[in-house]
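Chemist: please find the sequence and the predicted model below.
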Amino acid sequence: MLAFAASAAQAAGFTYHGRLRDGAQQADGRYDLRVTLYGGAHPIARLAAPVTLNNVQIHEGRFNTAVDFAQDAPAD
C-alpha cells in the first residue's frame with residue numbers, strides 16, 4: 001500500500017517518484033498500485049478517493065507515474 005501525505009492539495013495531478021519492495025526483494029516488472037491522498041495532523045483525514053494505477057513499470061524497485069486524484073472528484 002502507498003500513502004501520500006499533504007497539508008493542502010495544490011494541483012490535481014502530479015508525477016510521483018517512488019520505491020517498492022515485493023517481500024524482501026526490490027520489485028521488478030509491472031504492478032497495479034492503489035494510492036490514497038491523506039492530509040492533516042490529527043486525526044489524519046483522507047483528502048481524495050483512492051486511485052488505482054494499472055500496469056506501472058517498476059525497475060529495480062523504482063518507478064515514476066502520473067497520479068491524478070481529481071479524476072474521480074465530483075464536479076463543483
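Modeler: Arrived safely, thanks for sending.
Chemist: please count neighbours and contacts with C-alpha atoms only from this point.
Modeler: Will do.
Chemist: show the subsequent helix or strand relative to the helix or strand bottoming out on mean pLDDT in the chain.
Modeler: Taking mean pLDDT, DSSP states H and E as the measure, the chain has strand 2-5 as its least confident helix or strand, at a mean of 51. Following strand 2-5 in sequence order, the next helix or strand is strand 13-19 (DSSP states H and E).
Chemist: give the next helix or strand downstream of that following strand.
Modeler: Past strand 13-19, the next helix or strand by DSSP H and E is strand 21-22.
Chemist: quick one, phi/psi of His59?
Modeler: With angles defined as degrees, to the nearest 10, His59 sits at phi -130, psi 120.
Chemist: that should have said Gly23, apologies.
Modeler: Per degrees, to the nearest 10, the backbone of Gly23 is at phi 70, psi -130.
Chemist: what's the neighbour count on it?
Modeler: Applying other C-alpha atoms under 10 Å, we find 7 residues neighbouring Gly23.
Chemist: can you tell me how far it is from Arg30?
Modeler: 15 Å (C-alpha to C-alpha, to the nearest Å).
Chemist: and the gap between the residue nearest the centre of the chain and Leu53?
Modeler: Residue closest to the average C-alpha location in the chain (C-alpha atoms, centre = their mean): Val35, at 3.5 Å. Using C-alpha to C-alpha, Val35 is found at 8 Å from Leu53.
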